[in-house]
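Enquirer: Give me the fold of what follows.
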Amino acid sequence: MNLRFANCAVWAAVSLLSVAARGAVLRVAIVPSYNAAAVVFDKPAQTNPAAQQFSVTRLDFLLSDFELHRRGGTWLQTTNWQACVKLGENRGNATVSGLEPGAYDRIRFHVGLTPALNHSDPALYPPGHPLNPNLNGLHWGWAGGYVFFALEGLWRDDRGQWRGYSFHLGNDPQLMTVELPVALELGEDKSLVLTLNLNGLFPRKIDDANASTHSRKGDELASSLRATVEKAFSVAAIGSALPVPPLGKSTAQEPLQATTHPYRFTFSVRFPRPDLPLDNPLTQEGVDLGRRLFFEKKLSINYRQSCASCHQPEHAFSDSGKRFSAGAEGAAGTRNAMGLFNLAWKRSFFWDGRAATLRQQVLMPIQNSVEMHQSLDKVIAKLAATAEYPALFAGAFGSREITTNRVALALEQFILTRISCDSKLDRALQGAEQLTDEEKRGFELFMTEYDPRRGLRGADCFHCHGGPLFQSQGFANNGLDAVFPDAGRGAVTGREWDNGRFAVPSLRNVELTGPYMHDGRFKTLEEVVAHYCTGVKRSPTLDPNLAKHPDGGVPLSAADQKALVAFLKTLTEESLRPGQGNGQLSKNWVTCP
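Expert: Next comes the predicted model:
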């Protein structure tokens, strides 16, 4: 039988052909439970037998090789089927299609990936594929291979302090196999609801000795959890096919205008494949127009400010040296200006994620009363009154009409093409340059957990800044405050358990983008590293991968802190240093290997 993979964000609509012609579709929904009740994510709503409150903030895993057993017969083998499940993000469905109608009495699948898939090149998978690291967030990064099963959260210790647990099952020996009895008659599309019982995954009482595993060789906790996960699934219900969720992005490829030429979008071979907008294809004319608009001061109320005023190309498109940027009329903002590069791999924008796309994001500063403070109608009128812009819009979009949407699309195209992937580290990985011993030590610290019980005393940076992009898609509270003067993500979602969480930025070019944090409170990288060593403050929303560490953070020596800073500086794009490049005039900005 021919089974198509399903991605973890959206599921392909069912064809209108008959089941006999196309095969049946089985939609699998997975529901987590604890003490026979549905798991409440983020909030510490669960209580264990030792009366400890705990939360589940992340429950992600990869499935593969779904199989059905014919009643009284043989197993139907699947072909190239994988799924990514992210239960904390309400992505608990997987689709198996092309199934032969009939009666089945057992199902079987892997939690995890066979060695061939586990060690395949993650950069080869298209954007919607479950094994694309930018989609699943489950790749170990530089260490290679995938995390098969990730369970994280917070627990309250005997002092009333919030601490973290982090169970990451991966590496080939941890491949799990689930086999369940089922009475399934496939004559039409069906749904199958599975329960994932978390009870056995938690010890009777959580403490520092049993609150973390990263599946290194000889890790008894990982082996115990592997066996528990295999027994944690059960069949809850079988019914009619579940409805197909609406698609989150347009899947229709917009044709290029006759006046345009395709833009050559280049990026590192180590980067995941980006999910570029199909309804705004990159063109040379669109990118050039976006570049002009990015540096255009007519977008502000008094012709004094452009996007580039606060996102300077010579400082990795940040407002380097300034804690808060000043708007067109002199008022200061309340958050630090982020660097604008590698945003083709981001799924939300601003520190609080309030914009879902770049085309939404680029219009907000124009209208913001503290920033450019200009109405969109007046922006359009200003551009339309010039001699050059109607012709530029005609070249990019096929007509001289200037609209708000076209302004946003052009700016989106330009910003999407700002790529950074040619740092000293990148060249060292290609064998074209050498890291110093201190930089190598910093890289080792960056990529190593802090787990003294297992002889590991790293800086544990990679959990939030992993992979070649050195960023994650999520939002995290990194322990800046115990009480939050800025609610961050919580102000957008209205959820108490999002308070104090902010977008996790890329560490590429971090040497050029200070001061640091959402409020620019740290002037130097040395101060940033010191924060993670001694300054982390506990709160109910602290990221579990920080909360599992000792009070204050990871106790690195002065020499190791210095080495970590030295490594972070190897992530700098040399062409972005002041006086080394010109982001306004360069068409390609940087050519990536």
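
Enquirer: Show me what whichever helix or strand Ala563 is part of packs onto, helices and strands only.
Expert: Assessed by DSSP states H and E, Ala563 sits inside helix 558-568. Contacts defined by 3 or more C-beta pairs under 8 Å, 6 or more residues apart in numbering; DSSP states H and E place helix 558-568 against helix 437-446, helix 525-530. Heads up, the C-betas are built off the backbone N, CA and C, glycines and all.

Enquirer: hmm, 10 Å instead?
Expert: For helix 558-568, the elements it packs on are helix 424-429, helix 437-446, helix 525-530, judged by 3 or more C-beta pairs under 10 Å, 6 or more residues apart in numbering; DSSP states H and E.

Enquirer: want to throw the ones you listed into CSV with mean neighbour count?
Expert: Formatted as CSV, those follow (neighbours: other C-beta atoms under 10 Å):
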stretch, mean neighbour count
helix 424-429, 19
helix 437-446, 19
helix 525-530, 19
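
Enquirer: So what does the residue nearest the centre of the chain have for phi and psi?
Expert: Centroid check for the chain by C-alpha atoms, centre = their mean gives Gln473 as the closest residue, at 2.1 Å. Main-chain dihedrals, Gln473, degrees, to the nearest 10: phi -90, psi -10.

Enquirer: Identify the residue spatially nearest to it, adjacent ones excluded.
Expert: Excluding the flanking residues, the one nearest Gln473 by C-beta to C-beta, 6 or more residues apart in numbering is Arg347, at 5.4 Å.

Enquirer: just Ala332 next, same as before
Expert: Phe324 (4.5 Å).

Enquirer: same check, this time on Glu527
Expert: Leaving aside its chain neighbours, Glu527 sits nearest to Tyr516 (7.5 Å; criterion: C-beta to C-beta, 6+ apart).

Enquirer: isn't the one you found right up against Leu525?
Expert: Yes. Between Tyr516 and Leu525 a contact is recorded at 7.4 Å, counting by C-beta atoms under 10 Å.

Enquirer: Now do the shared contacts for these two.
Expert: Residues touching both Tyr516 and Leu525 (C-beta atoms under 10 Å, 6 or more residues apart in numbering): Val510.

Enquirer: Just give me the longest strand of this structure.
Expert: In terms of residue count, the longest strand belonging to the chain (DSSP state E) is strand 58-70.

Enquirer: For the stretch 51-200 of the chain, which segments are assigned as helices?
Expert: Per DSSP state H, counting those that start in this stretch, the stretch 51-200 of the chain carries helices over the ranges 115-118, 133-136.

Enquirer: who's in contact with the closest residue to Phe484 other than its chain neighbours?
Expert: Once flanking residues are discounted, Phe484 sits nearest to Gly500: 4.3 Å by C-beta to C-beta, 6+ apart. Shown in contact with Gly500 (C-beta under 10 Å, 6+ apart): 475-490, 537, 539-543.

Enquirer: among those, which are in strands?
Expert: Using DSSP E, the contacts of Gly500 in strands are Phe475, Ala476.

Enquirer: separation between the residue lying closest to Thr195 once chain neighbours are set aside and Gly466?
Expert: Computed as C-beta to C-beta, 6+ apart, the closest residue to Thr195 that is not its neighbour in sequence is Ala236, at 4.6 Å. Computed as C-beta to C-beta, to the nearest Å, the Ala236 to Gly466 distance reads 34 Å.

Enquirer: Looking at these two, which has the bigger crowd around it?
Expert: The neighbour count for Ala236 versus Gly466, taken as other C-beta atoms under 10 Å, is higher for Gly466 (21 against 14).

Enquirer: Please look at the more buried one and Gly474 and confirm they touch.
Expert: No. Taking C-beta under 10 Å as the definition, Gly466 is not a contact partner of Gly474, at 11.4 Å.

Enquirer: Now do the shared contacts for the two.
Expert: Shared contacts of Gly466 and Gly474, defined by C-beta under 10 Å, 6+ apart, comprise Gly137, Val504.
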